[in-house]
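**Student:** only the shape, not the letters, is given here:
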């Protein structure tokens, strides 16, 4: 029994001594070249199972010697191999991040004056090879995403409103699957190079195709600071906002684009539309003037300014009515005079628009109405006549033409217009009443009696 116990104590003692020696050997600092050579052997083998040995040796190198460009390079190469050999984007992702991180570490260590010069002798080679790997894999991920975007675009074209439910479901599934893959690839590209705006733009465009405008704008906004040509991104963000009726949010992007392309009148018109939808009417008017400075005969800008002054005239008219109700003669006169000035300005712009494009129905109608309001009945009659020519089946044009000619005391011409109106709208009582009076005025009692019957 005593012999057994002695043997047991001896075995335990030898075991403790062995463990201590092993720990001492394990913690012993090796020459820095030994760590690198050991890691190289494991990496060059191509056996990814042995890469754990390489990683452990390189980690020990950094722990014992601090930042080391060659050590970072071999860590980068381990990550490159795993990116190449690992299946599936999700599984590749951590290695892509490592590849990018160690590439950055090489650059930082090589530029760090505190890192020993002997560690930096081959920095140019390490940087070139790490950068080359990054460029290669950025292109691989971006090109894959580009192909998936093209598939998304095809699916969107096939999602026709008249397609059956099975076809819609098929193309929607195809769209979503390719969109998800495209976004995943763009995320990989951005991990490798977060300063290349193309990946953000492609991701934003894919999400726009899906109709996910807020997410699209998040990506596009992130990419704005990384692009040398921001024009396309600015417009895309602006149009995404308009798709969601967020006109006020679109304004800053149209304004930024206007600084890049100040002569793009189409963009300026879009900016004015946003201002109007945001009730920023003075700003819209300023943009119209900017457009007319570039093109004095731009019909939409002329109409826009006409509508601006017309609205000011209506506001002045309401103010005059309010003061009239209070028997405030001075204020009533002030606002009545203001009303006339605003309506006259409005008429000037509508007239220019109408003369620039006589076939523009909106310009003709606006000009005709404001001419009538300002008692310029001849101009109103001419404009309403043009409207009746452009839209002969709209009875309202003929009624307004008849009213303008009636104010000019052109009774026979007024009758012709009113007769045309009741041909289109036989139930218009007011027009029949006017016809009764006009027939009597021009000495056509039989027609007056017939019109009276229509009233009954």
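**Tutor:** Happy to help now that I have it. Remember, it's a predicted structure, so these values are computed and weren't measured experimentally.
**Student:** excluding chain neighbours, what is closest to residue 102?
**Tutor:** residue 76 (3.9 Å; C-beta to C-beta, 6 or more residues apart in numbering). For glycine as for every other residue, the C-beta is placed from the backbone atoms N, C-alpha and C.
**Student:** no no, residue 153
**Tutor:** With C-beta to C-beta, 6+ apart, the residue lying closest to residue 153 is residue 209, at 6.4 Å.
**Student:** give me the distance between that neighbour and residue 274.
**Tutor:** Here the criterion is C-beta to C-beta, to the nearest Å. By it, residue 209 lies 23 Å from residue 274.
**Student:** neighbour count winner among those two?
**Tutor:** Neighbour tally, residue 209 and residue 274, criterion other C-beta atoms under 10 Å: the higher count belongs to residue 274, 26 against 18.
**Student:** and the residue nearest to residue 153, how far from residue 333?
**Tutor:** Distance from residue 209 to residue 333, counting by C-beta to C-beta: 60 Å.
**Student:** now do residue 391
**Tutor:** Residue 391 sits at a distance of 39 Å from residue 333 (criterion: C-beta to C-beta).
**Student:** likewise residue 302?
**Tutor:** On the measure of C-beta to C-beta, residue 302 and residue 333 end up 30 Å apart.
**Student:** cool, residue 243 as well?
**Tutor:** 48 Å.
**Student:** tell me where the chain is predicted with low confidence.
**Tutor:** Residues of the chain meeting the criterion pLDDT under 70: 1-27.
**Student:** as a check, name the ranges of all helices in the stretch 151-300 of the chain.
**Tutor:** Taking DSSP state H, counting those that start in this stretch as the test, the helices found in the stretch 151-300 of the chain are 165-192, 197-209, 213-224, 231-243, 247-260, 265-277, 281-294, 299-325.
**Student:** out of those helices, which one sits most buried?
**Tutor:** Across the helices of the stretch 151-300 of the chain, averaging neighbours per residue (mean count of other C-beta atoms under 10 Å) puts helix 197-209 on top, at a mean of 23.
**Student:** helices or strands next to that one in the packing?
**Tutor:** For helix 197-209, the packing partners by 3 or more C-beta pairs under 8 Å, 6 or more residues apart in numbering; DSSP states H and E come out as helix 123-158, helix 165-192, helix 213-224, helix 231-243.
**Student:** quick one: the helices in the stretch 1-150 of the chain, in order.
**Tutor:** When secondary structure is read from DSSP H, counting those that start in this stretch, the stretch 1-150 of the chain shows helices at 2-27, 32-44, 51-65, 69-85, 89-111, 123-158.
**Student:** what does the fifth one contact?
**Tutor:** With C-beta atoms under 8 Å, 6 or more residues apart in numbering as the test, helix 89-111 has contacts from 67-69, 72-73, 75-76, 78-80, 82-83, 86, 115, 119-120, 123, 126-127, 130-131, 133-134, 137, 181, 184-185, 187-188, 191-193.
**Student:** contacting residues around residue 335?
**Tutor:** Under the criterion of C-beta under 8 Å, 6+ apart, the neighbours of residue 335 are 316, 317, 319, 320, 323.
**Student:** wouldn't residue 455 be in contact with residue 434 here?
**Tutor:** No. In this structure, residue 455 is not within contact of residue 434 by C-beta atoms under 8 Å, at 11.0 Å.
**Student:** who's more crowded, these two?
**Tutor:** Each of residue 455 and residue 434 had its neighbours counted (other C-beta under 10 Å), and the higher figure belongs to residue 434 (21 against 10).
**Student:** would you mind measuring from the nearest residue to residue 405 once chain neighbours are set aside to residue 397?
**Tutor:** Excluding its sequence neighbours, the residue lying closest to residue 405 (C-beta to C-beta, 6+ apart) is residue 414, at 4.0 Å. Summarising the geometry, the distance separating residue 414 from residue 397, computed by C-beta to C-beta, is 14 Å.
**Student:** what's the answer for residue 271, then?
**Tutor:** According to C-beta to C-beta, residue 271 and residue 397 sit 33 Å apart.
**Student:** just residue 432 next, same as before
**Tutor:** 18 Å.
**Student:** mind listing what the residue lying closest to residue 300 once chain neighbours are set aside touches?
**Tutor:** Residue nearest to residue 300 in three dimensions, not counting chain neighbours: residue 269, with 5.7 Å by C-beta to C-beta, 6+ apart. In this structure, residue 269 makes contact with 287, 291, 300, 301, judged by C-beta under 8 Å, 6+ apart.
**Student:** would CSV of the helices of the stretch 151-300 of the chain with distance to residue 45 be doable?
**Tutor:** Output for these, formatted as CSV (distance: least, C-beta to C-beta, whole Å):
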stretch, distance to residue 45
helix 165-192, 26
helix 197-209, 34
helix 213-224, 41
helix 231-243, 46
helix 247-260, 54
helix 265-277, 60
helix 281-294, 68
helix 299-325, 71
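**Student:** which stretch among those comes nearest residue 50?
**Tutor:** Evaluated with C-beta to C-beta, the helices of the stretch 151-300 of the chain place helix 165-192 nearest to residue 50, the distance being 25.8 Å.
**Student:** same for the closest one, what does it pack against?
**Tutor:** Using 3+ C-beta pairs under 8 Å, 6+ apart as the contact test, the elements touching helix 165-192 are helix 89-111, helix 123-158, helix 197-209.
**Student:** returning to what we had before: and residue 432 and residue 397? which has more neighbours close in?
**Tutor:** Counting neighbours by other C-beta under 10 Å for residue 432 and for residue 397 shows that residue 397 has the greater number, 27 against 20.
**Student:** tell me which element that one is part of?
**Tutor:** Secondary-structure assignment from DSSP states H and E places residue 397 in helix 395-407.
**Student:** so how far is residue 455 from residue 98?
**Tutor:** Counting by C-beta to C-beta, the gap between residue 98 and residue 455 amounts to 91 Å.
**Student:** check residue 440 too.
**Tutor:** Taken as C-beta to C-beta, the spacing of residue 440 relative to residue 455 amounts to 13 Å.
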